[in-house]
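**Student:** kindly return the folded structure for what I paste below:
(one chain, ligands or ions: 1)
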Amino acid sequence: MRLVDVGKSYRPGSPVLTGVDLVLEPGVPSVLHGPNGSGKSTLLRIAAGCETPTTGRVDGRPDVVGYLPDRFPALLRLPARRYLRHLAAIRGVPADDAAATAEEVLAELGFTGADDEPMAALSKGNTQKVGLAQALSCGAGLLVLDEPWSGLDADAIAALDDRLADVRVRMLLTDHTGTAETLPGAQVRRLGPDGRLDRGPGPTASRVRVRVEVRCPGDPRAVLDRLPPARVEEMAPGRLVVLLASRHSDAWLAAALAAGCSVHDVVREQA
Ligand SMILES: Nc1ncnc2c1ncn2[C@@H]1O[C@H](COP(=O)(O)OP(=O)(O)OP(=O)(O)O)[C@@H](O)[C@H]1O
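**Tutor:** As a prediction, this is how the structure comes out:
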């Protein structure tokens, strides 16, 4: 799939995106960085087919796209599972397949909403889990995920890491937590404030990862809830191993120390 010379203007003379070229290949998650307002969500909507570019084109978009928007519709009265069945029907995905996968994702992420609770009444984290379930259960050939880790608790962050690490379809994400950079094969691209995409995959430094092992008091889950997001590699009573993008490792280590952990090992590795 390829975005060719994509531009977008909401008002004449004020382009949000200019000349964006981007190739999305299976197994190579593209992680989009950029300042607030630089057009990341706009580019994701165009890639997902929810918005048309003002100039340029999108070639080879797979028929089924799993899209997690930046703002998930919040005022829905349907309960989550009925909403998921409804979306599967709209997409023409066999209801049983979609429901089974959605249930699996909800269980993995630890969804705790009640069966009859309207979507509008769900907490932010549970709403995000439903959004992820609909995107990940539709048999998509392209996943477009806008801040997928936003609002998730520590267990759900780890579960989502695991699931996305196994995904081999095309993937385009935004993520301010630094977690997406550690996905296997991830390439970081930057949108500048002028709405232009850098010319190649991100600088090597952004692909350096740091494996950190800490000793922590008691259950690592309780500690994780107080730390910035990180990919959890191993977890046992009193012990935690995480993988971080190098630029986030100092902040994570400082937070871990403040939470009463002690650093056992730090290893830098190339992604
Ligand atoms: N539907 C719309 N109508 C008019 N302007 C819009 C619309 N959607 C986005 N914009 C404008 O386009 C610009 C880029 O917005 P966008 O949400 O794509 O940026 P972003 O990089 O995702 O921002 P953030 O990091 O804050 O989420 C902003 O100036 C925004 O106000």
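**Student:** what does the lengthiest helix in the chain contact?
**Tutor:** Ranked by number of residues, the top helix in the chain under DSSP state H is helix 95-109. With CB atoms under 8 Å, 6 or more residues apart in numbering as the test, helix 95-109 has contacts from 80-81, 84-85, 87-89, 91, 129-130, 132-134, 136-139, 152, 156, 159-160, 162-163. (Glycine included, C-beta is placed from N, CA and C.)
**Student:** out of those, list just those in strands.
**Tutor:** Among these, no residue falls in strands (DSSP state E).
**Student:** OK, contacts around the closest residue to residue 260 other than its chain neighbours?
**Tutor:** Closest residue to residue 260 apart from its sequence neighbours, by CB to CB, 6 or more residues apart in numbering: residue 217 at 5.0 Å. Residue 217 is in contact with 223, 238, 260-261, counting by CB under 8 Å, 6+ apart.
**Student:** most neighbours among these, which one is it?
**Tutor:** residue 261 (23 neighbours; other CB atoms under 10 Å).
**Student:** I'd say that residue and residue 218 touch.
**Tutor:** No - if you go by CB atoms under 8 Å, residue 261 and residue 218 don't touch, sitting 10.7 Å apart.
**Student:** I'd say residue 227 and residue 255 touch.
**Tutor:** Yes - between residue 227 and residue 255 there is a contact under CB under 8 Å: 4.9 Å.
**Student:** about what we covered before: now the longest helix of the chain: average pLDDT?
**Tutor:** When pLDDT is averaged over helix 95-109, the result is 87.
**Student:** for stretch 192-200, same thing?
**Tutor:** Throughout stretch 192-200, pLDDT has a mean value of 83.
**Student:** stretch 3-18 now?
**Tutor:** Mean per-residue pLDDT for stretch 3-18: 94.
**Student:** what residues of it count as buried?
**Tutor:** 3, 6-8, 15-18 (16 or more other CB atoms under 10 Å).
**Student:** filter those down to the ones near the ligand?
**Tutor:** By CB under 6 Å from any ligand atom, the members of these lying near the ligand are residue 16.
**Student:** could I get the buried residues of stretch 3-18 as CSV with secondary structure?
**Tutor:** Below are the buried residues of stretch 3-18 laid out as CSV (DSSP: H, G, I helix; E, B strand; the rest coil):
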residue, secondary structure
3, strand
6, strand
7, strand
8, strand
15, strand
16, strand
17, strand
18, strand
